Structure formats: structure tokens, C-alpha cells
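Engineer: with the input below, show me the fold.
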Amino acid sequence: MCAALDRARITLLLQVARLYWEEGLSQEEIAERASYSRATVSRMLTEARKAGIVTVTVAHPVERLMELEQRLISSFGLAQARVVEDAEDRRDEESPSGGVSHLLARAAGELLLANCGPRSVIAVSNGRAVGAVARELPERIWPRSTTVAMLGSAGNVLGDEDGPDICRNIALRLGGHVRTLPLPLVFDSARIAKAVRDEDQILATLELAARSDVALTGIGAVGPQGRGVSPLLRRWMTPAVVRECRERGAVAHVVGHHLDARGRHVPTSICQRTLCLEPDRLKEIPLVIGVAAGAGKAAAILATLRGGYLSALVTDESTAQEVLELMTARA
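Structural biologist: All right, here's what the predicted structure looks like:
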């Protein structure tokens, strides 16, 4: 339709449209400047739209993210999901950021607090993602809240990514109580691990975690050779355990346990030596928020979702798309 207009008319419509849409002048201001009536300016703006000189698009980047959230919720029966934009320096799990941007950590922290209250019990795991959430968590004055560990200490993790440190950091942000498991995540023998788990204080702490109001956990990926990507389990990934993981198809580890692609628990020789909440008890918690993003995480996240261990997920746009595409490919 624009081709039917002569050049002079097109030029005029362009001038009026730019004054209105780009410079923000009102129709009255344009009419006064161009010596037209307001009604004439209005008709010219309508003509410019019909001629395709002006096009209006109603959109926002968050709409795309919200669509991904709804797809995750409907595909996996989640209670909630948060998808954030990719970080400009998005990296993989081996990087110092571990694929965890400030935006991702803040979104997870806000979701956590939105489902908590002054008297809530919050169970947490360990790792880069959960540690990042603890650092970004908004402060509250909740002296009757309690943060409790779901597993023992990895011991070899630098910084504030270990379970006891994360528990303390979250409790400090909330001004509440803390219950940690300041004991090794993995013991030398199943006999010692059982003896420790049977102690009253340890039983009480794990029971408190199982009865928490909300849980926050990271999701670890297991590489194609059966090795855990995260350093949290690496010290215990002996050749025998690596072989077990590879033979049994482990692709993820959550709260100290390995899972296969279908989300089934993969028992290994370190399971009976690990001090952590049992997988089935994780499912008893009303809301379990998983936070993970980055290259190589999609298969692990999908497995954890398929296993029903999460009721909420916080991730970034690229990872969400990878999870959904992988779900379709493996359906």
C-alpha cells in the first residue's frame, strides 16, 4: 500500500510519525508545529500505520521467560518455576561461577523467601549454586526461623560452598537458628556411617530436614565417564565408584545421591557411607527448589525432574530450552 503513495506524501507521513513516536510530541504539539489541525495529524498517523510506515509491537523479554516457566511447570508438574535471562559471561560448571549468575542466585533467593515465613524451617544442600543463593539472599528479621543441613560436610570445598557454611550464611541473613551436620559427607565404612546416623543428634537433624517447610538444593551433573563434575564428590569418586556410575547410567547427583536419566536412584558403594537425607524423604518436603544452570546441566536437571525430586526449578533461559528439547528428544 505504501508503494501507491508518492514520495512527498511518504516524506510527510514519516516526519509526522517520527515526531509522534520517536520524539514523543503530542498530536496537539505536532499540529501547532506543522500548522495542521489536530484531526489532520490524527488521520496522518492512522494513514502511516495502514501504509506500513509505522508498526507497533507489544512485547517484553520477560514474556519469553514466562512462557518457558509455564512450559516447565506443565511438562513436569512443578508448583513453580523461575527462568532468568542468560548471563553475558555464561560458563559451564567447571568455571569459577559454575554457571550461577547473580541474576539466577537472586531469583532463587526471592523464590525461597516468597515461600517461607518468620517461623519456617529451611533445609539446604551444598554446592556452588546454593552457596551463591546464600550470598544473594535478601535479609530478614526472622529470629524463629531455622536453617538445617540435609547432608554432611564435603570438607574439601574452598569458600562458602560447603553445607555447614551455607547453613550459617543463610541463618545470618535471616537472623534465625541453624542446625548443621558438621561431620564428613562420606565415611570410610558403612559401619561407621550407620553408627553416626543412629546418634540422637544426627537423627534429629535429618528428621528436622525431612519435615522442613521448604528445601533448596543444587543439581550436580555426572559426565559421560561417570565422574562427578562438581568437586563436592570428586574426592570419593574412586575408579570403582566411577565404573559403577557409568555402568548404571548415572547422569546426576542430588543431595548426595546419584540418579540415572529416568530419575531413578543409582545405589553405589558410597551410598551406605554417605551422611545425607534419603532420596524418598526429599520428596516429603512440601516445596523443593532446585537451582542449576549452565552447559552440561540439562541432562542432570531433566533426570531430577523426572524422578519427582523437585517441585520448583530456577534456571536460565538457555538451560530451560535445553531441558525441554532433551525431554522431547527422549520422550
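Engineer: residue 81 contacts residue 316, correct?
Structural biologist: No. Judged on C-beta atoms under 8 Å, residue 81 makes no contact with residue 316 at a distance of 11.9 Å. Where you see a C-beta, it was placed from the backbone N, CA and C, and this is true even at glycine.
Engineer: other SSEs contacting the helix or strand harbouring residue 251?
Structural biologist: Taking DSSP states H and E as the criterion, the element that holds residue 251 is strand 250-254. Under the contact definition 3 or more C-beta pairs under 8 Å, 6 or more residues apart in numbering; DSSP states H and E, strand 250-254 sits against strand 220-221, strand 257-260, helix 298-306.
Engineer: same thing but 6 Å
Structural biologist: Secondary-structure packing of strand 250-254 (3 or more C-beta pairs under 6 Å, 6 or more residues apart in numbering; DSSP states H and E): strand 257-260, helix 298-306.
Engineer: note down every partner strand of that strand and its orientation.
Structural biologist: Sheet pairing of strand 250-254 (DSSP bridges) gives strand 220-221 (antiparallel), strand 257-260 (antiparallel).
Engineer: average pLDDT for the longest one?
Structural biologist: This means strand 257-260. If you average the pLDDT over strand 257-260, you get 93.
Engineer: quick one: contacts of that strand?
Structural biologist: With C-beta atoms under 6 Å, 6 or more residues apart in numbering as the test, strand 257-260 has contacts from 245, 249, 250, 252, 265, 266, 268, 279, 303, 307.
Engineer: so what's the fourth one closest to, chain neighbours aside?
Structural biologist: Going back to what we said before, that points to residue 252. residue 300 (3.6 Å; C-beta to C-beta, 6 or more residues apart in numbering).
Engineer: closest one to residue 234 among the helices and strands packed on strand 250-254?
Structural biologist: Proximity to residue 234 (C-beta to C-beta) singles out strand 257-260 among the helices and strands packed on strand 250-254, at 13.4 Å.
Engineer: tell me the buried residues in the closest one?
Structural biologist: Residues of strand 257-260 classed as buried by neighbour count (16 or more other C-beta atoms under 10 Å): 257, 258, 259, 260.
Engineer: could those residues go into CSV alongside distance to residue 312?
Structural biologist: Formatted as CSV, those follow (distance: C-beta to C-beta, whole Å):
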residue, distance to residue 312
257, 19
258, 22
259, 18
260, 22
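Engineer: pick the one among those closest to residue 11.
Structural biologist: residue 259 (65.1 Å).
Engineer: tell me how far that closest one lies from residue 308.
Structural biologist: 11 Å (C-beta to C-beta, to the nearest Å).
Engineer: and for residue 213?
Structural biologist: According to C-beta to C-beta, residue 213 stands 19 Å off from residue 308.
Engineer: quick one: contacts for the residue nearest to residue 252?
Structural biologist: Residues counted as contacts of residue 300 (C-beta under 6 Å, 6+ apart) are 219, 221, 251, 252.
Engineer: what do you get for residue 284?
Structural biologist: residue 210.
Engineer: what pLDDT does it get?
Structural biologist: In this model, residue 284 is scored at 95, pLDDT.
Engineer: and it, that's in a helix?
Structural biologist: No. Read with DSSP: H, G, I helix; E, B strand; the rest coil, residue 284 is coil and lies in no helix.
Engineer: quick one, domains of this protein?
Structural biologist: 2-50, 61-329 (automatic domain parsing).
Engineer: need the phi and psi values for residue 262.
Structural biologist: Note on residue 262: its backbone torsions stand at phi -90, psi 0 [degrees, to the nearest 10].
Engineer: quick one, longest helix in this protein?
Structural biologist: helix 61-76 (DSSP state H).
Engineer: contacts for that helix, please.
Structural biologist: Residues from elsewhere that reach helix 61-76 (C-beta under 6 Å, 6+ apart): 78, 81, 83, 305, 313, 320, 324.
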